Structures are given as structure tokens and as C-alpha cells.
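Novice: just coords:
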């Protein structure tokens, strides 16, 4: 039986961040990953000779070289990674597009402010007051009381469409709650998207993951792939290790789980309440084009859209809701060279239970027929926001909530996990702590910072190490 200072469940961004941090301090640490590829929600795969990212449209929280006090800066310092190792290239500009109104934004916040002032001149004072409230709130205070973001936003802004246009990108990129967010998470996402902005490595998420894996291994960490955790071992009210699917047991002083709140509870023999299971999942279609998106007249990097004046961020009754979504053109980042594949990616809210009920066997199975039908509907419904790209499409792939559940293990294919977040990481079981999505830091940078901050708090500081926290 092997004993570790820490066992980390899941080789996603938070698990790798925590693993690197602990290995840097000479802790004996192992990261366990059920699948054959690391990354979790933000991974990659190959299809018919093409390399595709999963999850990553953009890295939020961009910070220029030399910036101080920003999340990306803190991350680099904690993991001892140089800024240029990330190979980040900024967006051109993105947009929030609703019927009759489009708000452009970029990594320069003044573009968004000017767009709001032009489109909603009677709301600019309220918008400025909201921005001031966001700037003044300390989202890193893990013990702050939970507040509803919509109540606070609507206290400053009275125009319903502007409220929804502000929420739309933030929800699609991080909310586990239907039609609202916790205020601290709203602040995290507002700052990361609107203040700091988007960037992307030339090689996409593979580059980030390779950097993390290499750093983890060089720091002395152990990584075990295709190694699922069957259950978390307990001694009374304390977690003491894990039993693997193979029957092997590992023990540890601390277990850090990025599996999700509900999923971690089940490993401990606990059944969650219905309110703990997330409802929000997605489909995504990936279109390979025969020319760059800009050649088709698509200039934005990312478009968050709604075809109705009121944006509804909720689980649909049917298989999908294609009346809103995200359109991403990865080639429209300011990259030093055009990527090999010219892509248009379309993301829509979907219903896991509906997709999961469909029979999958056979090319003409109900599942595959549904994928073809909803690809058509999804493509039709984005044409109010971009020119028709379909004549230039040479290959299509699509993933559904079933795909998400398979690769993340999240119940219901819930991309952002449970609406209940454990900001301090405390699971209620001594020695077992939540990292990643259900701890509550959002985005790729946020996920890594989640792992780092929980490793600092529950392992390094407990053991008396002098560490700078995030």
C-alpha cells in the first residue's frame, strides 16, 4: 500500500495546478485520472486527421507581460512559469449580440463602456456604478456571505436587455445556476472577461496542458492515467485515502477532489440532495471550413448571442435550446500564423436526460439522427449574427451532454458542476477538500488557482510551510 502527503482526484486544470504546487514543496503527491487523456473539461481529441479542443474557446484573465496583481500574474508566480511560456495571443474583438443590439468588447474595457454608452445612453451612469461595485468587491474573500448577482445588477441597471447582455457571456462561461449567479462568481467572470479579456495559445489547450504536465513531472509528482477512484476511504469522520477501480488502495494525509461536489460525496457513500446536482449542460458543433472565417465576413473572435430580447439561461424542456449560444472563431485571435484548421464552433444549452435517453447503436440511431437535426437547427439559428458559413464547411463533429459526462464524470453532464459551491474547499469531511469547478473559481486560470489555493490552505499551511497565497 502506497502512502502520500496528498492524493488528487482528476488531472484537469485544478488537479494539475494543485499537484505542481505541492510537488514544488517536495510533497509526495499523486494525481489520479480515470481517462487516457488529461485536461478534464478542457482537453483535446483527434477526429479524421484533425485536432480539436474540447471546452476551451479562450483563456480568460489575460494579463500583459509585467502586469502585477492579476490572476494570471499570481498563477505564474505560484507555479514558477514564465509569461512567455504560455504563448498567449489576444482576441481581436468579441461581441454580445441580441435582437437589434450588438455590444463589442475587447481586452480594452473602454471599448465595452463606449458601446454601452452608445446603445443605452440612459443606463451609462448605472453601468459605471455597477463597474465600481465590481472593482471594489474582494472575490478572494472565501468567507464572504453569498449574494444573488441579479439583485445587485438590477439595482444599478434598469433596462432588462442590458442586464441580460451583461449576464449572457458570464453565464455561458461559468454559471452553474439557472438565470442567476452568485455575486462573487459574477465578479470573477466580469473581471476575467470584460476587464482582463481573452487570449489563446497558437496550439490551443494542448500547449497549456503539455506545459502543466511537464512542470508537474519535473517537480517530482506522480501521474497515474486510466486510474479511476471507486471510493474514498474513511476512518470515522476523516478521509484517509482511496480505493481504485482495480481494488488497489492508496492512503494519504489529504485528499483533494476535482471530481465535483456531488460526485465526491458519492465516493464517500453520501447521496446528494436534488438541489446539489447541476442542470446546465451543452452541445457543441465544430465546423471545419475551407477558408478562414474572416474570408467569409466573420470578424469577431467570439459572439455570445440571444435571438430573443430576454435571455433564458436554463435547462431546456427539449434536447437543445438553439435560440442562444456561443459562436467561436479560433482563427480570429491575433495569432502569428493561421491555424491548420479554420473553425466555427457553436455551443448551445442542452438537456442531459433527453440526450441520455436516446438509443445510440447504429449510424441511423435516434441519437445520431438527433445530432444531425440539432446541428441543422443550431446552424440556422446563428445566421442572425454571422454570414452563412455552411457552403464552406468540409467536416462537422458534434458532442453532446453524454460526451461531457463521459469525460468529466459530472452528473447530468453539468459543465459547471453543482450550483452549490464550497469556496473554502471544506467538504464537511476532515482531510477531504473540493478543488476546481465546485470550489468556485472559474475559467482555466480560475481552475488552476483553485487547485493552488486549496493546496496552499489545506496542505502547505497546515504543515507549517511559509507560502504566498493566491
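Specialist: The structure has been received and is ready for your questions. Small disclaimer: the values here were computed from a predicted structure and weren't measured.

Novice: Help me confirm that residue 83 comes into contact with residue 68.
Specialist: No - using C-beta atoms under 8 Å, residue 83 is not in contact with residue 68, being 11.8 Å away. Where C-beta positions appear, they are placed from N, C-alpha and C, glycine not excepted.

Novice: Out of the two, name the residue with the larger neighbour count.
Specialist: residue 83 (15 against 8; other C-beta atoms under 10 Å).

Novice: check contacts around residue 409.
Specialist: By C-beta atoms under 8 Å, 6 or more residues apart in numbering, residue 409 lies in contact with 34, 259-260, 263.

Novice: got the domain boundaries for this protein?
Specialist: What automatic domain parsing lists as the domains of the chain is 2-53+203-274+418-460, 100-194, 279-408.

Novice: give me the low-pLDDT residue ranges for this structure?
Specialist: 56, 274, 465-470 (pLDDT under 70).

Novice: Show me where it has its helices.
Specialist: Taking DSSP state H as the criterion, the chain carries its helices at 13-24, 71-79, 109-119, 124-136, 149-156, 160-172, 183-190, 205-218, 261-267, 352-356, 366-381, 401-408, 443-455.

Novice: Can you give the distance of the third one from its chain's centre?
Specialist: So the one you mean is helix 109-119. Remark: helix 109-119 is offset 26 Å from the chain centroid, using C-alpha atoms, centre = their mean, to the nearest Å.

Novice: now do the fifth one
Specialist: Mean C-alpha position of helix 149-156 versus that of the full chain (C-alpha atoms, centre = their mean) differs by 24 Å.

Novice: Could you shift the numbering so residue one becomes 21, and keep it that way?
Specialist: Shifting the count to begin at 21 puts that one at helix 169-176.

Novice: Could you pull out the buried residues of it?
Specialist: Residues of helix 169-176 classed as buried: 169-170, 172-173, 176 (neighbour count, 16 or more other C-beta atoms under 10 Å).

Novice: Residue 438 - nearest residue in space that isn't next to it in sequence?
Specialist: residue 281 (4.4 Å; C-beta to C-beta, 6 or more residues apart in numbering).

Novice: Could you double-check that the one you found sits in contact with residue 297?
Specialist: No - in this structure, residue 281 is not within contact of residue 297 by C-beta under 8 Å, at 9.2 Å.

Novice: overlap in contacts of those two?
Specialist: Joint contacts of residue 281 and residue 297 (C-beta under 8 Å, 6+ apart) are residue 438.

Novice: More neighbours: which of these two?
Specialist: residue 281 (26 against 21).

Novice: if we can go back for a sec, kindly reformat the helices of the chain as CSV and extend each row with distance to residue 244.
Specialist: Shown next, in CSV, are these (distance: least, C-beta to C-beta, whole Å):
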stretch, distance to residue 244
helix 33-44, 11
helix 91-99, 21
helix 129-139, 43
helix 144-156, 41
helix 169-176, 39
helix 180-192, 33
helix 203-210, 31
helix 225-238, 12
helix 281-287, 16
helix 372-376, 29
helix 386-401, 32
helix 421-428, 17
helix 463-475, 17
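
Novice: So for residue 116, which of these sits nearest?
Specialist: Smallest distance to residue 116 across the helices of the chain (C-beta to C-beta): 4.7 Å, for helix 180-192.

Novice: Contacts made by the closest one with the rest, please.
Specialist: Counting by C-beta under 8 Å, 6+ apart, 116, 118, 121, 123, 136, 139-140, 143, 147, 150, 169-170, 173-174, 177, 201, 206, 209-210, 213, 324-326, 329-331, 333, 344-346, 367 sit against helix 180-192.

Novice: ok, residue 352 to residue 416 distance?
Specialist: 19 Å (C-beta to C-beta, to the nearest Å).
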